[in-house]
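Trainee: next come a sequence and a model predicted from it.
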Amino acid sequence: MSALILLALIPALGLLAFVLGRSRALSAAGGDPRRLHSLPGHYGWHAALMTALPALAVLILWSLLQPLVIQHETGALLAPEALASDTAFTLAMDDVRRLAEGLDRAVAQGVMTADEAADFGTAAATDLDALKARLGQVGVALGSDLSLQSVDAAQHYRELAGTGAMGRSLAVVLAALAGLAYGLTATRPDLRARNRVERILLGALMLASSIAVLTTVGIVWSMFAESLAFFRQYPAADFFLGLTWSPNFKGGSDLGVLPLLWGTLYISVIAMIVAVPLGLYTAIYLSEYASPRFRAWVKPAIEVIAGIPTVVFGLFALITVGPLLRDWLAEPLGLGNSGSSVMTAGLVIGILNIPFVSSLADDILNAVPQSLRDGSYAMGATPSETVKQVVLPAALPGIMGAVLMAASRAIGETMVVAMGAGAAAKLSLNPFEAMTTMTVKIVSQLTGDTDFAAPETLVAFALGMTLFVLTLGLNILALKIVRKYKEQYE
């Protein structure tokens, strides 16, 4: 039984438990709901939760542990060279999974029978080419280095996966039935079903709220662990203080982050110079001066920009903005002759971020109590003085959050930079020269058939960790600024 069928079966059993639990509670109370501690529906929900939660927990744990057990048991059958390193083992296991899934797909599509698929484990010594040809008919491509050990491991993988699927189905159904039996047995008139249901729902809400924190911890840990692996192979001082970025998978790479950091900050600053004033002034006009009819048309029109894919902005930078800046400014001023430049990417990213700043700032300004405005007007202040001295200070924390969001998007933008700023890693003050950012190099270092354990690949995680620390610093700075001006306002 597949996991999808089990996911559909668990709610069905929960619904059955709800009906049985509610009926049992009413029956135990002699048909009089007033004799029950809680509403009849609470008893039904209690039985449903007692049925569904254990089954769901077993399904999740089994799905997490089964791949680890299968990988451990299957990996022992691989050739010694596949166990030489973590990278070699990962690649070999990928081949095993691809081969096992290909055999299952071939059987499902009728390309071969189940007996023929099982026979390839024994006949592979003379029929590896036939195996590749048969699996090629179902769209599964196998490498030229396919070995007998991989075929044997794939067959063992299929056996363990089939046994595990049967065991998972049995365990889930037994857990659901055991939970149903407990829920019905515990259903008595004096059972505090409402309290139990509320505690369970509170726990579910706490678990849901902790997912974001756990996800952040997992992301940081994954980057940190791979960054440590990089710094064990490449000196940290050369990475953080190096002025040259010149990766070479043949060895002798210069992986200094300063040129990438400079390009990232340079483009982001230009983008914020464009986005923050335009977005903030737009929000102030729409919130404080525009008529409701005008606002109803202009605000959605501005927010349409946020729905445009970044690759379209990249094409806009490549085809329109870049050539215009080159022909009208860079070449006449003798500052360059390339359409790809820091100024091109900065301007386009700034335009891209205007909706974020304006929309968020507009909502924040509208959240300021009208009584503050009325009090200011009553004291004789003009609308502009009210905006400057009352509304903006009150909305400053939210506005700083909007600006920070725009800054984070500018720092993390990849497609516009790749198409509008070029790929040259250099230190230069000329905004009409081609430069690049850390995000672009993260993509380039992880793209292609590269050695994952090489420092030229692992440097992508060090760059990601650097970006994380940079954005964290921006958050801390924004909090300090907000605190300072908020205290001054109060």
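Mentor: Looks like it came in fine.
Trainee: which residues in the stretch 251-400 of the chain form strands?
Mentor: All strands of the stretch 251-400 of the chain, identified by DSSP state E, counting those that start in this stretch, fall at 254-255.
Trainee: need the contact partners of stretch 450-469.
Mentor: With Cβ atoms under 8 Å, 6 or more residues apart in numbering as the test, stretch 450-469 has contacts from 85-87, 90, 220, 222-224, 226-227, 229-231, 233-234, 239, 247-249, 253, 255, 257, 260-261, 264, 411-412, 438-439, 441-442, 445-446. For the C-beta atoms, the positions are set from N, CA and C on the backbone; glycine is no exception.
Trainee: can you select the buried ones from the residues you listed in PyMOL?
Mentor: Buried residues among the contacts of stretch 450-469 (16 or more other Cβ atoms under 10 Å), as a PyMOL selection:
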select buried, resi 223+226+227+229+230+231+234+239+247+253+255+257+260+261+264+411+438+439+441+442+445
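Trainee: residue boundaries of the helices in the stretch 51-200 of the chain?
Mentor: Assigned by DSSP state H, counting those that start in this stretch, the stretch 51-200 of the chain shows helices spanning 86-108, 114-136, 148-186, 193-231.
Trainee: let me redo that: the stretch 251-400 of the chain
Mentor: Remark: helices assigned in the stretch 251-400 of the chain by DSSP H, counting those that start in this stretch are 258-284, 292-303, 310-316, 322-325, 342-366, 370-378, 383-386, 392-412.
Trainee: and the second one, average pLDDT?
Mentor: Yep, that's helix 292-303 we're talking about. Averaged across helix 292-303, the pLDDT comes to 86.
Trainee: tell me the SS of Thr450?
Mentor: Secondary structure state of Thr450, per DSSP: H, G, I helix; E, B strand; the rest coil, is coil.
Trainee: lowest-pLDDT helix or strand in this structure?
Mentor: Within the chain, no helix or strand scores below helix 114-136, which has a mean of 65 by mean pLDDT, DSSP states H and E.
Trainee: from Met50, how far out is Val172?
Mentor: For Val172, the distance to Met50 equals 15 Å [Cβ to Cβ, to the nearest Å].
Trainee: rewinding a little: now the helices of the stretch 51-200 of the chain as a markdown table including distance to Ala394?
Mentor: Below are the helices of the stretch 51-200 of the chain laid out as a markdown table (distance: least, Cβ to Cβ, whole Å):
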| stretch | distance to Ala394 |
| --- | --- |
| helix 86-108 | 54 |
| helix 114-136 | 66 |
| helix 148-186 | 52 |
| helix 193-231 | 28 |
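Trainee: those helices: lowest mean pLDDT?
Mentor: helix 114-136 - the lowest mean pLDDT of the helices of the stretch 51-200 of the chain, at a mean of 65.
Trainee: pop the domain breakdown of this structure in here.
Mentor: Using automatic domain parsing, the domain parsing of the chain gives 3-191, 245-489.
Trainee: rank those by pLDDT, which is bottom?
Mentor: Among the domains of the chain, domain 3-191 scores lowest, at a mean of 82.
Trainee: and the end-to-end length of it?
Mentor: Domain 3-191 has an end-to-end distance of 34 Å (Cα to Cα, to the nearest Å).
Trainee: that one: how far from the chain's middle?
Mentor: Chain-centre distance of domain 3-191: 25 Å, with Cα atoms, centre = their mean, to the nearest Å.
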